[in-house]
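A.B. asks: no sequence on this one, just coordinates:
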């Protein structure tokens, strides 16, 4: 589309390499930092610091739907807990993103009725967010196990 924007999540240890790839195709508007308040992996790491954040590359030429009132949406650091099995949303995928974080990005990046593309759908968090926020969603997932997870999550709505 001529007017677009996107968000791509990247492990903090790979952000430099990944940014070079993205820059071949898009100008990066921001690097958003998602602080994982409850980092679940890494308790046994001995030879490096535990990564407690991911970088989200924000790119595109379309404006954000920022609220008129100043609030947390306007800042480039987002703090959300990593989904766990005891959370209401559950944990169905090793790299599952928090539903509230994805909802925030979908709200900021699209309007009701627009289509959102998630080419790595995983457990379908973007699909759920879009359904709740009245957006259509094109989700791509190659693993049959996670396609079934997405279907189950949609049936629960």
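C.D. replies: It's in. Fair warning: this is a prediction, and the values are worked out from it, not measured in the lab. Numbers count the residues shown, from 1 in each chain.
A.B. asks: distance of the nearest residue to residue 104 once chain neighbours are set aside relative to residue 19?
C.D. replies: Nearest residue to residue 104 in three dimensions, chain neighbours excluded: residue 73, at 6.4 Å (CB to CB, 6 or more residues apart in numbering). The C-beta positions use only the backbone N, C-alpha and C, and glycine is treated the same way. In this view, residue 73 and residue 19 are 23 Å apart by CB to CB, to the nearest Å.
A.B. asks: can you check residue 110 too?
C.D. replies: In terms of CB to CB, residue 110 sits 24 Å off from residue 19.
A.B. asks: neighbour-wise, which of these two wins?
C.D. replies: residue 110 (21 against 15; other CB atoms under 10 Å).
A.B. asks: wait, what's in contact with the more buried one?
C.D. replies: Residues near residue 110 by CB atoms under 8 Å, 6 or more residues apart in numbering: 65, 116, 135.
A.B. asks: pLDDT weak spots in this structure?
C.D. replies: 39-43 (pLDDT under 70).
A.B. asks: which secondary structure element contains the residue most central in space within the chain?
C.D. replies: For the chain, the residue sitting closest to the mean C-alpha position, by CA atoms, centre = their mean, is residue 102 at 4.9 Å. Using DSSP states H and E, residue 102 falls within helix 99-109.
A.B. asks: how about residue 58?
C.D. replies: Assessed by DSSP H and E, residue 58 sits inside strand 53-60.
A.B. asks: does anything pack onto that strand? Which helices or strands?
C.D. replies: With contacts taken as 3 or more CB pairs under 8 Å, 6 or more residues apart in numbering; DSSP states H and E, strand 53-60 sits against strand 5-11, helix 15-23, strand 28-36.
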